Structures are given as C-alpha cells and as structure tokens.
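1. curious how this folds, go ahead:
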Amino acid sequence: MIDPLLLVARSHHWQTARSSPTPSDFVIAAIACGATLILFRSLPKGLLKRLPWSSLVVLILPYGLFGWLMGVYNLHWYVWLLVGLATIGISVVVSYELGVVGIRALIGGGIVALVGGMVGATVGRVAEAIALALASSVAWFWAVAGARFRLEALGFDPIQTFWVLVIVSWEGLWLGWGVDTFLLPHLGVWLVQLLTS
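-> Okay, here's the model as predicted:
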C-alpha cells in the first residue's frame, strides 16, 4: 500500500498542486451547491420524509472518503468523470448482486493478503494494496446494497431508487472534495507524508 502512495507523494505534479483554493474551485463549489439546492427544492416534500436517512448517511461516507482522496491526490477531470459514471453503474446493480460481489471481494482480499504475506515482502506490499482495495470495495458495495435494500423495502420504485443512489453518491463525492479543498487542505498531504516516511 505504501509504494503507490510514495510514488504520488514524490511526483512533482502532486506537490506543486497543493495550495489554497483557486477561483475555479470556488466556481465548482458554487455550481455543486446550487445544483444541490435546486435538486432538494424540486423533490416532493413527502419523498424526503420517506427516505431512509441512516442508510443514506452510511452510503455517503465511503463516497465522501473517496472524493476526499481524489481531492488529496488532485486527480484530473477525466478521472472524476469515470468515477461519476461508475457511480451510475453501481447504482443500477440490484442489492443481492452487490452483496454477492462484496462477499467475493472479501474472500479474494483475504486470499491475496494471505498469499502475499507468505510469499515475501515485495509481493506482500502489492498484495497488501490489492487486499486494501478489495476491502474498500466490500464496504462500498455493501453500503450501496444496504441503501438500495432499504429504499426498495420502503416501496420506492426502481427509477426513484436509482436516482436517490446516484444523487447521494455524487453528493458524497463533491462533499469529500470540498472538505479537502476548503476545510482541511493540508491534512491529506500530512497523512501521505506520514505514511510514506
């Protein structure tokens, strides 16, 4: 896990990109806040009361963390576009399939970590990174599956469920980015330096 972080920490682009928010950051944040306000005002009042807020908070946490990490590493716009499209794809998958994929990822992560630990230090580091990625995907899939299951149990139709999941996912991504950009811009830099030293 440390090797990819070390490469990013030593890259010139990452070190020079860390500064105070730029005017384009403020424009992006204003557009995101405006879209969120318009979205909430356009929703029927009864819909907001019926939403399973505890499941949606659990769902927004992994997306917020992922958005924060993407902000820490100052990823290009096309990566954000791919992640936005991936959230749409994940939101289409039914909760049972997400649970099965999550179990497979958990088992795969355990096997990779075990084999990597037995083989040696160099392969062990790669295995550690793969196992961490698989464990993160398990949390992600189960959070989406849990929110989808709760929405379906409360009687939301498939289209409403899809849009609620997509909107909450996108909100989590931009809120995580906003935390890195405006509230704690140097925390991510400090953590990466701590992990790579």
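
2. helices or strands next to the lengthiest helix in the chain in the packing?
-> Assignment by DSSP state H gives helix 121-153 as the longest helix of the chain. Applying 3 or more CB pairs under 8 Å, 6 or more residues apart in numbering; DSSP states H and E, we find helix 121-153 packed against helix 2-10, helix 53-72, helix 77-92, helix 95-119, helix 158-178. Where C-beta positions appear, they are placed from N, C-alpha and C, glycine not excepted.

3. average pLDDT for that helix?
-> For helix 121-153, the mean per-residue pLDDT is 76.

4. list the buried residues of it.
-> Burial within helix 121-153, assessed by neighbour count using 16 or more other CB atoms under 10 Å, is assigned to 124, 127-131, 134-151.

5. please apply the same query to stretch 45-62.
-> 51-52, 55-56, 58-60, 62.

6. pretty sure A147 contacts S54?
-> No. Assessed by CB atoms under 8 Å, A147 is found out of contact with S54, at 9.4 Å.

7. find me the pLDDT at G172, would you?
-> 91.

8. just use 21 as the starting number from now, easier for me
-> From this message on, residue numbering opens at 21, which makes the last subject G192.

9. need the contact list for it.
-> Residues near G192 by CB atoms under 8 Å, 6 or more residues apart in numbering: 79-84, 86-87.

10. let's see that with 10 Å instead.
-> 76-77, 79-88, 107, 163 (CB atoms under 10 Å, 6 or more residues apart in numbering).

11. just flag the most distant two among those residues.
-> Based on CB to CB, the longest span within the contacts of G192 runs between L76 and W88 and measures 18.0 Å.

12. distance of the closest residue to G87 other than its chain neighbours from R61?
-> Distances taken as CB to CB, 6 or more residues apart in numbering put G196 closest to G87, at 2.7 Å, once the chain neighbours are dropped. Distance, G196 to R61, by CB to CB, to the nearest Å: 24 Å.

13. the two - which one has more neighbours?
-> Neighbour comparison, G196 and R61: the larger count goes to G196, with 23 against 7 (by other CB atoms under 10 Å).

14. which residues does that one contact?
-> The contact partners of G196, by CB under 10 Å, 6+ apart, come to 80-92.

15. for those residues, pick the one with the most neighbours.
-> Going by other CB under 10 Å, G87 tops the contacts of G196 with 26 neighbours.

16. list the residues that contact it.
-> Taking CB under 10 Å, 6+ apart as the test, what G87 contacts is 80, 100, 103, 189-201.

17. who wins on neighbours among those residues?
-> Going by other CB under 10 Å, S189 tops the contacts of G87 with 27 neighbours.

18. quick check: closest non-adjacent residue to that one.
-> T107 (4.0 Å).

19. cool, G166 as well?
-> Using CB to CB, 6+ apart, the nearest residue to G166 is S75, at 5.4 Å.

20. pLDDT at the one you found, what is it?
-> Model confidence at S75 (pLDDT) stands at 87.
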